[in-house]
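> got a predicted structure plus its sequence, pasted below:
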Amino acid sequence: MAGLLLGVLLGWTGWLKLTAPAAESSALVELLHDTRLVRRALRTLGAVELAVAAGLLGGLAAAGWAAAALGVGFLGYLAWARAVAPDASCGCASARHTPVTARSFGRAGLVVLAGSWAAVGRPWWTVEPLAAAVTAAAGLALVLALSADLDHLWLLPLRRARLRLLGHPLSTSDGGNPVAASVQLLESSLAWESAAGVVRSALLESWDDAGWRFLRFAGVAAGRPVTVVFALAAESTVDTVTDPVVRVTVVDDERQEVVGDLLPLVR
């Protein structure tokens, strides 16, 4: 079954690279320095993956070795991307921004193993139907577990269902979203990363208003004491939102004026 499962996987990733290449955020930008060249490179790779997928589905042993070689190339690319641009997107399977993680290496390693097995095994259509169904289900579950690109299809809905059934483990007595969950979500956001050079304290105060949760911190900017206030949706957590909308306000403590030029990276 390795040939069938790997053929479907490479056919899916190849089609995505052809139709929606993640050029702007791909780590390849660090190498080619031109999003047009990156887009062409990804589309070329997508065409190669589709050709290998067709060979795997046709039971060609050579296609298995070609897939294994692709897997080795993926591992090398991921190691390079992790070292050179750790925050850049892998660009492996979709246009979503998915940084290189251990799961990315796991999926590339799976391509190497499955390609080798497909090269030496018998054709997938000779497998008994029950064994084929069980193997296909197990393979699908493994690919889902190793694909951060697909978390929105199963992991986030599963987390939301868990919260609905069991509640948040840190939920307050009135059932509201705990402040600790908002802080956790904030600290994983681009806004927090951009303001890290200004914030100088832990959370000092929090309050909710009109569906927003406000989090106040002390900071120093341009040698002056400031107050940094972040605002995000009151009910959002890392289990329900992957890219939160965060508003940031910086107030000069001495002048009591809002300053807008101290956090140029915050949007």
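Yes, it's here. Numbering: from 1, shown residues only.
> helix or strand for the residue nearest to residue 116 when sequence neighbours are not counted, which one?
Taking C-beta to C-beta, 6 or more residues apart in numbering as the measure, residue 116 lies nearest to residue 68, with 4.9 Å between them; neighbours along the chain are not counted. C-beta coordinates here come from the backbone N, C-alpha and C atoms, glycine included. Under the assignment given by DSSP states H and E, the secondary-structure element containing residue 68 is helix 61-84.
> in that helix, what's buried?
Taking 16 or more other C-beta atoms under 10 Å as the basis for neighbour counts, the residues of helix 61-84 that come out buried are 63-68, 70-71, 74-75, 77-78, 81-82.
> so for it, what's the average pLDDT?
Helix 61-84 comes out with an average pLDDT of 90.
> run through the neighbouring helices and strands of the strand or helix carrying residue 8.
In this structure, residue 8 sits in helix 2-19 according to DSSP H and E. Applying 3 or more C-beta pairs under 8 Å, 6 or more residues apart in numbering; DSSP states H and E, one finds that helix 2-19 makes contact with helix 35-57, helix 61-84, helix 102-120, helix 129-145.
> in a markdown table: those helices, plus distance to residue 14.
Rendered in a markdown table, the data for the helices and strands packed on helix 2-19 read as follows (distance: least, C-beta to C-beta, whole Å):
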| stretch | distance to residue 14 |
| --- | --- |
| helix 35-57 | 3 |
| helix 61-84 | 10 |
| helix 102-120 | 12 |
| helix 129-145 | 15 |
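> mind checking how far the next helix or strand after the helix holding residue 8 is from the chain centre?
Using DSSP H and E, the helix or strand that follows helix 2-19 towards the C-terminus is helix 29-32. Computed by C-alpha atoms, centre = their mean, to the nearest Å, the chain-centroid distance of helix 29-32 equals 20 Å.
> residue 34: neighbour count?
Around residue 34 there are 13 other residues, counting by other C-beta atoms under 10 Å.
> with the one 4 residues further on instead?
Other residues near residue 38 number 23, with proximity taken as other C-beta under 10 Å.
> would you agree it is in contact with residue 29?
Yes. Taking C-beta atoms under 8 Å as the definition, residue 38 is a contact partner of residue 29 at 5.6 Å.
> thinking again about what came up before, quick check: angle from the helix holding residue 8 to helix 61-84?
Our comparison of helix 2-19 with helix 61-84, counting by axes from the mean of the first three to the mean of the last three C-alpha atoms, to 10 degrees, yields an angle of 50 degrees.
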